[in-house]
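Asks: With the input below, show me the fold.
(3 chains)
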Amino acid sequence: MKKKTINGYLLVGLIITGVLLLTALVGTFYTPFDPNAMNAAEKFQAPTLTHIFGTDNFGRDIFSRVIKGSGTTMAIALATVAIGAVLGTLIGAVTGYFGGVVDEALMRLNDALTAFPSILLALLVISIVGPGNKYNVVLALGIVFIPSFARVTRTAFAGLRDVNYITSARLMGAKNGRIMLLHMLPNTARVLLPAITIGFNNAVLAEASMSFLGIGVTPPDASLGYLLSEAQDKLSRAPWYALCTGGVIALLVFGAGLIGEGLQKMDREVA
Amino acid sequence: MLEIRDLHVKFHNRDREAVAGISLTIGDGEIVGLVGESGSGKSVTAMSIAGLLPRKQCDLSGDILLDGEDLLHAPRSALRQIHGRKIGVVFQEPMSAMDPLMKVGEQVGEVLRIHTDLDKNQRRARVLEVMEAVDLHNPEEVYNKYPHELSGGMLQRAMIAAAIVIQPALLLLDEPTTALDVTIQAQILELLKKLNAEQGISMLFISHNLNVVRKLCRRVAVMQRGVLVEEGSTDRVFFDPQHPYTKRLIDAIPTRHGKETV
Amino acid sequence: MKYALKRIFMLVLTMVIVSFLTFLAFELISGDPAEAMLGTEATPERLAALREELGLNRPFLVRYASWLAGFVSGDLGVSLRYRQPVWDLIAPKLEITLCLCLASFVLITAVSIPLAIWSYRWTGTVFEAVRTAFNQLCMAVPPFFTGILMTYLFGIVLRLFVPGDFPDLHTRFGEAMVHLFFAAVCLGIPRTAMTVRMMRSTVISEMQKAYVRTAISRGNDRHAVLTRHVLKNSLTSAITFLGQTMAELIGGSVVVEQVFGIPGLGRLLVYSISTRDYPVVQTVVVILAFWVVLAGTLADLINQQVDPRLRLGGAA
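Replies: Below you'll find the model as predicted:
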């Protein structure tokens, strides 16, 4: 078998995402300026060495705001993916392992749900749980992401159900729970990892869209999407605000996308 | 009419030559069998005659001459004139070898569309005629069917019809009966014999099954690991094999008490 | 024909289920509409009167049935926020969103299919690498960001349209179309990239199939193999994907309308969600769901015309 090598996609993706993640982590306790400190003397400054992303209409440092915002966005995206992945994997594992009518019914429901654009589903859930609160955003997006994870895991588990070593483990008297956890789950990592990166991507985009629309995260928890909607109002006076904020979102999505692409490529090469 | 001289084929991603120096001739109206296990290079030989090898991914040397015309090194555009017109090919799995979205009749007539000036009605008339010749009854009905609506045996007849519709000089048959039931297999072999007798088409019949080859071919060549290990009249090879590999192949044929493998 | 009828029956059934679930969900969360409408002016008597007027005292299933009947006949209730019939509110916005999505759909189809074929032909050349990188970029940049860039470039710098000021669709049709064109491009970019990628890999996998070898053995050249055989066989996946595209576009339009200041259905939805105008939200949700299900059904019906194998499979 060919040795697993880290391919270009994966490497570049990991670097981009790593840098962004690290910056956001540092940003939780240190930013060059106070992201909310106003300074009338320095409003609408184009990017300089002091304010590398420039300042907004209140003279706030955009770079600091973007760092804070990307932290919020990433935290929400991670929490969302966590909810979706854990619940989705659980549902998918159980239905895939046991099969039967429940499995059939859930998969039909799943098919129906995945036909809908995720942003619409998220809007629907947020209108039910109530807009304008970050926990509700996480909840709404998390729920929306369950079906895609459930599908991936179900397929993997259903495929493994009748494989020899699983059958023999069952014959040796292993409990179903133990089989699923010890024997099957590790084998689904192959499909779960790319699904998680894609999920992270979609979560970033969905959170940004919702906050951009004003029904996601609202101040004081400014996320990248909210910053972008702020930036749009000042587009003619401070185009750098929108450019820098949007650029960071694009970079975030691009990085995670490359990781997903790289993982899938690696999987194909090993197989 | 077909002459292969010292043919070598090596794929770039393999260490061993797939075909390592083969020479074989097929005379006018002759049916020659080419026998060997899978991986022995018999299909690669056929594909290089038909010009279906990916040239960028392999090295070719030697000569393949069809009525004196070079097939191995000719430019693609020249080869296209030979494909279909002078050489017809029948593949193993008729179901996947047919375009699933094109009516069977149109596929049978495709060679005519490419290589002749016949109009639609003339082509149709010729297709129906050939379908009749390969014992496809109700050709009118079959013409408008899609591949998935026909049985494997009928499809293989249609494939043969498509290959001979323009009366090529040579018919390459790459395991044409392998995917079929034993009874259908026998019918197809009868059909090939009939076409050979009536129309004088030369054939290269490739199979891993010596027993099938014996029913059809007067002359047979045995291939192993890219080289011909034995060649001669079918009866001679069958009853007095010289090479140990041929002996093993013959021993592998089930006796009349056993089941014939497909 | 039988298959088509079955498919349409499924469509109706799905819509009934979707509308029921939507009605149920909003019934549970929306609380008392009468209270919401009266707000601070609520007195017990006025509440009771309004409840009676709105028919809130009837059992749940009866209310669902009458809402459904109203929906079919175009009577969708009254907006809590605007105090005007929901249908009057939605109709002009639906028109704009339909124009936007159809324009985008036409652009995606017209651009991606030729591009996919070219990019297949470029396989192994420098163009391939350029295209792959560009494709990745197009998929990574979210539409609201391209939207902002485009409003800045074409709206503010070049002044081809006025961001946030959408011309009336009927009186200033041409200007409205210019405005919509930029929004449609922005909406279509990521999806075009995805369609190209998907079409290209479909063509590549079709090219590996045995029937291609047969076609070559008959003397078809590369071009004929592609146009006469492979493209038709790739068509069903393309149509399914374009059906999904129709569904995705309506989702994307919510954001793009916000960026370009287009008063369409998406903006109405967002506004109604933030003001908790449930009768409007509910109706828009059902309309959008209908759109999604309809797109899928149409794609299936067209596919079934393209691929004779599906005709048998569908009837069985």
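Asks: With chain C in mind, check whether the helix or strand hosting A:Leu258 reaches it.
Replies: Assessed by DSSP states H and E, A:Leu258 sits inside helix A:239-270. Yes - Helix A:239-270 is in contact with chain C by CB under 8 Å from any CB of the partner chain, via A:Pro239, A:Ala242, A:Leu243, A:Gly246, A:Gly247, A:Ile249, A:Ala250, A:Val253, A:Phe254, A:Gly257, A:Leu258, A:Glu261. Every C-beta, even on glycine, is put in place using the N, C-alpha and C of the backbone.
Asks: Quick check: buried residues in that helix?
Replies: A:239-264, A:266 (16 or more other CB atoms under 10 Å in any protein chain shown).
Asks: just checking, what packs against it?
Replies: helix A:8-27, helix A:62-98, helix A:185-212, helix A:224-233, helix C:126-140, helix C:143-150 (3 or more CB pairs under 8 Å, 6 or more residues apart in numbering or on different chains; DSSP states H and E).
Asks: quick one: the fifth one near chain B?
Replies: No - when contact is scored as CB under 8 Å from any CB, no part of helix C:126-140 falls within range of chain B; the minimum is 15.3 Å.
Asks: hmm, back to that, can I get the helices and strands packed on helix A:239-270 in a markdown table including mean pLDDT and mean neighbour count?
Replies: Output for those, formatted as a markdown table (pLDDT from 0 to 100; neighbours: other CB atoms under 10 Å in any protein chain shown):
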| stretch | mean pLDDT | mean neighbour count |
| --- | --- | --- |
| helix A:8-27 | 85 | 16 |
| helix A:62-98 | 86 | 23 |
| helix A:185-212 | 83 | 22 |
| helix A:224-233 | 83 | 25 |
| helix C:126-140 | 78 | 15 |
| helix C:143-150 | 85 | 24 |
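Asks: how about the ones you listed in a markdown table, adding distance to A:Ile166?
Replies: A markdown table is the format used below for the helices and strands packed on helix A:239-270 (distance: least, CB to CB, whole Å):
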| stretch | distance to A:Ile166 |
| --- | --- |
| helix A:8-27 | 30 |
| helix A:62-98 | 9 |
| helix A:185-212 | 9 |
| helix A:224-233 | 44 |
| helix C:126-140 | 37 |
| helix C:143-150 | 44 |
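Asks: Give me the pLDDT value at the residue of the stretch 151-262 of chain B found nearest chain C.
Replies: Minimum separation of the stretch 151-262 of chain B from chain C (CB to the nearest CB) falls at B:Ala162, amounting to 7.3 Å. Per-residue pLDDT puts B:Ala162 at 92.
Asks: and if you look at the one 3 residues further on?
Replies: The score at B:Val165 is 90. That number is its pLDDT.
Asks: for it, what are its contacts?
Replies: Applying CB atoms under 8 Å, 6 or more residues apart in numbering or on different chains to B:Val165 gives the contacts B:Val108, B:Gly109, B:Val111, B:Leu112, B:Arg126, B:Val127, B:Val130.
Asks: what about B:Ala20, which SS state?
Replies: State at B:Ala20, reduced to three classes by DSSP: H, G, I helix; E, B strand; the rest coil: strand.
Asks: Tell me the spacing between it and chain A.
Replies: Separation of B:Ala20 from chain A (CB to the nearest CB, to the nearest Å): 28 Å.
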